[in-house]
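fold the following and give me the result.
(one chain, ligands or ions: 1)
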Amino acid sequence: MAKKRFRRIIDLAMVVLLISSLAAGHALAGSFDDGGLLRLINRWETLPKDYVPEEMILPEVDTNKAGQKESIYMVPCAAAALEEMFSAAEEDGYILLAVSGYRSYSTQSLLFKNKVDSVGSRETAQKTVAPPGASEHQSGLAMDVVSTNFRYLNRDFLNTPEGKWVARNCCYFGFIVRYRDGWTKVTGCNPEPWHIRYIGVEHSVAVTRLDIPYETYAAKARTLPEYVLSWGTSELFYGLVGDMLRGDETNAEELRRAEEMDEDIRWETLDRITALYDSWE
Ligand SMILES: [Zn+2]
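Now for the predicted structure:
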C-alpha cells in the first residue's frame, strides 16, 4: 500500500476517532482507569463481575456466521474504527469478518468452565480461554476477526494474506494484535492473531512500532499524566515509552512536573517534548 494513501486513511480515521471520542467523552480517552480506553485487562488485572460498558453499538460489518450478528457489540469509538478498518481492507481486496465482540462476565464464565472441563486444568485452560473478568471482550474494546478465505479462530490466520494485513495495518485504526508469538509469559495468553484490541490510534501505532506486549507498554505509559496520555502523538509515545523502557525518565519527569503547573506551561511542555521526539526521528 502506498505511503501517501496510508496517510490519507490515517487522517480520515483520526477525524472519525476524534469525533467519536469527543462524543463518548474525551476524558476517558487517555485513561487506564475504569472505563478508560487504555485499561489493561488480563488475568492479573481483571474487570469486576458487574462491569458492563456504558454504551455499545453494533458495528456495521459482516460477520462470519449469520448467528454472530448480535455478538459483535463494541463501544462506539471502537465500532467506528472497526468499520473504517474493514473498509480499508476491502479496498485492498481483503474481506474481513467479525466473529465476537462484547462478551458478558457470565458468558465468559461459561466458556472458561467448559474449557477447564475439556482440558482438565485451570492453568492449561487459561492460556486459551480467559477466566471470567480477564477477557478484553468484556470491555467492548476487543474483536475477533477472520476472513472469507479463512474462517477459523486458528493461529494459521497469521499466515493468510488477510491475517498479515490485519497484523500490519490494524494499528492505523487504533487496534493492536494483543497476543503474539513469544509474548505468552507476559500476556498470559497463547498467540491469537485474530484478536484485536482498541486503544486509540496514537497508542496503537506506538505499541506496534515498539513491538512489545501491551503489558510492557502499559507498565510505563500508566505512570504518565492523563493530559499526556489523552493528547500525545504516536511519535511522542513511541519515543517517550522507548526511553522509559531503557531507564531514561528525564522527559517523563518533566511532563509529570508540568501537570502541577499552569495550563499554559503544561501545553508548552507537551509541545516542546513532542517536537523533541519528532525531530529526533
Ligand atoms: Zn478474542
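
in the stretch 151-281 of the chain, which spans are helices?
161-169, 184-187, 201-210, 214-221, 226-231, 234-245, 250-259, 263-280 (DSSP state H, counting those that start in this stretch).

list of residues touching the second one?
For helix 184-187, the surrounding residues in contact (CB atoms under 8 Å, 6 or more residues apart in numbering) are 42, 127, 178-179, 190-191, 213-216. No exception for glycine: its C-beta is placed from N, CA and C like everyone else's.

list buried residues within those.
42, 127, 178-179, 191, 213-216 (16 or more other CB atoms under 10 Å).

need the max-distance pair from those.
Farthest-apart pair in the buried ones among the contacts of helix 184-187 is 127 and 216; separation 18.7 Å (CB to CB).

next, count neighbours for the closest residue to the ion within the chain.
The chain approaches the ion most closely through residue 195 (3.5 Å), counting by CB to the ion. Applying other CB atoms under 10 Å, we find 24 residues neighbouring residue 195.

winner for burial among the helices of the stretch 151-281 of the chain?
Counting by mean count of other CB atoms under 10 Å, helix 201-210 has the highest mean neighbour count of the helices of the stretch 151-281 of the chain, with a mean of 23.

gap between that helix and the chain center?
Between the centre of helix 201-210 and the centre of its host chain there is 9 Å, according to CA atoms, centre = their mean, to the nearest Å.

for that helix, name the packing helices and strands.
When contacts are defined as 3 or more CB pairs under 8 Å, 6 or more residues apart in numbering; DSSP states H and E, helix 201-210 sits against helix 3-23, strand 175-179, helix 214-221, helix 234-245.

which outside residues touch it?
10, 13-14, 17, 38, 81, 170-176, 198-199, 214, 217, 221, 229, 232-234, 236-238, 241-242, 245.

quick one, it and strand 175-179 angle?
Relative orientation of helix 201-210 versus strand 175-179 (axes from the mean of the first three to the mean of the last three CA atoms, to 10 degrees): 50 degrees.

quick one, helix 201-210 and helix 161-169 angle?
Helix 201-210 and helix 161-169 meet at an angle of 110 degrees, taking the same axes, to 10 degrees as the criterion.

next, the angle from helix 201-210 to helix 234-245.
Here the directions of helix 201-210 and helix 234-245 differ by 50 degrees (the same axes, to 10 degrees).

kindly export helix 201-210 (C-alpha atoms) in PDB.
C-alpha atoms of helix 201-210 as PDB (Å, rounded to 0.1, in the frame of the first residue of the first chain):
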ATOM      1  CA  VAL A 201      -4.600   5.300  17.200                       C
ATOM      2  CA  GLU A 202      -1.800   7.300  18.900                       C
ATOM      3  CA  HIS A 203      -1.100   4.500  21.300                       C
ATOM      4  CA  SER A 204      -1.700   1.600  18.900                       C
ATOM      5  CA  VAL A 205       0.800   3.000  16.400                       C
ATOM      6  CA  ALA A 206       3.400   3.400  19.200                       C
ATOM      7  CA  VAL A 207       2.800   0.000  20.700                       C
ATOM      8  CA  THR A 208       3.100  -1.600  17.300                       C
ATOM      9  CA  ARG A 209       6.300   0.300  16.400                       C
ATOM     10  CA  LEU A 210       7.800  -0.600  19.700                       C
END
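
hang on, the earlier thing: columns mean pLDDT and distance to residue 29 on top of the helices of the stretch 151-281 of the chain, output as a markdown table?
Below are the helices of the stretch 151-281 of the chain laid out as a markdown table (pLDDT from 0 to 100; distance: least, CB to CB, whole Å):
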| stretch | mean pLDDT | distance to residue 29 |
| --- | --- | --- |
| helix 161-169 | 97 | 22 |
| helix 184-187 | 96 | 23 |
| helix 201-210 | 97 | 9 |
| helix 214-221 | 98 | 13 |
| helix 226-231 | 95 | 5 |
| helix 234-245 | 98 | 13 |
| helix 250-259 | 98 | 17 |
| helix 263-280 | 92 | 15 |
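
how is the protein carved up into domains?
3-210, 223-281 (automatic domain parsing).

most packed of those?
The most buried one of the domains of the chain (mean count of other CB under 10 Å) is domain 3-210, showing a mean of 18.
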